[in-house]
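>>> Next come a sequence and a model predicted from it.
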Amino acid sequence: MAVASATAAVPAVATPVVTAPVVATPVAAAPAAPAPADPVTDLAAEKPPESARAFTTAGVGWWLQLGAFSRPDGAQAFQQKVAEQADWLAPLLAVFREGTLHRLQAGPYPSREDARSAAERVREALQLVPVLVERR
């Protein structure tokens, strides 16, 4: 996978592009293990300290929005609940303050398909349908 160089062309504030909600499709068997070189899998294997990414800046890529809250403590409480119920997702969770909202998102994922696959896993594990968000 080729990686584009991030230079001065990256805007100071990422503007999310919200796409349609993920439509769940039945899965016949357990998902196959991802390739060892997958950076998302490598991140998921490491456990950062509790809420290490609680409030951060957005990276470029595809994100799963799990919730939006008017108060930061609501976002943090939901982040902790999600991390407890889906520990594999915990290293990817981050809260972004955008205007008056605090958005709990997981990512970034390198492609839309990777994000959709993760969204399906989140839907099954948490009974929650995340919204795909592209940050450029």
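Good, I have the coordinates.
>>> can you give me the strands in this structure?
For the chain, strands defined by DSSP state E occupy the ranges 16-18, 61-69, 93-98, 101-109, 131-135.
>>> Is it possible to get CSV of the ones you listed that adds mean pLDDT and mean neighbour count?
(Glycine included, C-beta is placed from N, CA and C.) Below are the strands of the chain laid out as CSV (pLDDT from 0 to 100; neighbours: other CB atoms under 10 Å):
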stretch, mean pLDDT, mean neighbour count
strand 16-18, 45, 13
strand 61-69, 97, 21
strand 93-98, 95, 20
strand 101-109, 97, 23
strand 131-135, 95, 20
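>>> do you know which of those strands lies nearest Ala83?
Of all those, strand 93-98 sits nearest to Ala83, with 6.2 Å by CB to CB.
>>> pull the CA atoms of the closest one into CSV?
What follows is strand 93-98, C-alpha atoms only, in CSV (Å, rounded to 0.1, in the frame of the first residue of the first chain):
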residue,chain,number,x,y,z
LEU,A,93,-11.4,5.4,20.2
ALA,A,94,-11.1,9.2,20.3
VAL,A,95,-13.3,12.1,21.2
PHE,A,96,-13.2,15.2,18.9
ARG,A,97,-14.6,18.5,19.9
GLU,A,98,-16.2,20.2,16.9
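>>> which other helices and strands contact it?
Strand 93-98 is packed against helix 72-85, strand 101-109, with contacts defined by 3 or more CB pairs under 8 Å, 6 or more residues apart in numbering; DSSP states H and E.
>>> returning to that earlier point: would you reformat the strands of the chain as CSV and include distance to Arg116?
Output for the strands of the chain, formatted as CSV (distance: least, CB to CB, whole Å):
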stretch, distance to Arg116
strand 16-18, 14
strand 61-69, 8
strand 93-98, 18
strand 101-109, 9
strand 131-135, 7
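>>> closest to Ala119 out of these?
Among these, strand 61-69 comes nearest to Ala119, with 5.4 Å by CB to CB.
>>> So which of the strands of the chain is nearest Val122?
Closest approach to Val122 among the strands of the chain (CB to CB): strand 61-69, 6.2 Å.
>>> what's the angle from the closest one to strand 101-109?
Our comparison of strand 61-69 with strand 101-109, counting by axes from the mean of the first three to the mean of the last three CA atoms, to 10 degrees, yields an angle of 150 degrees.
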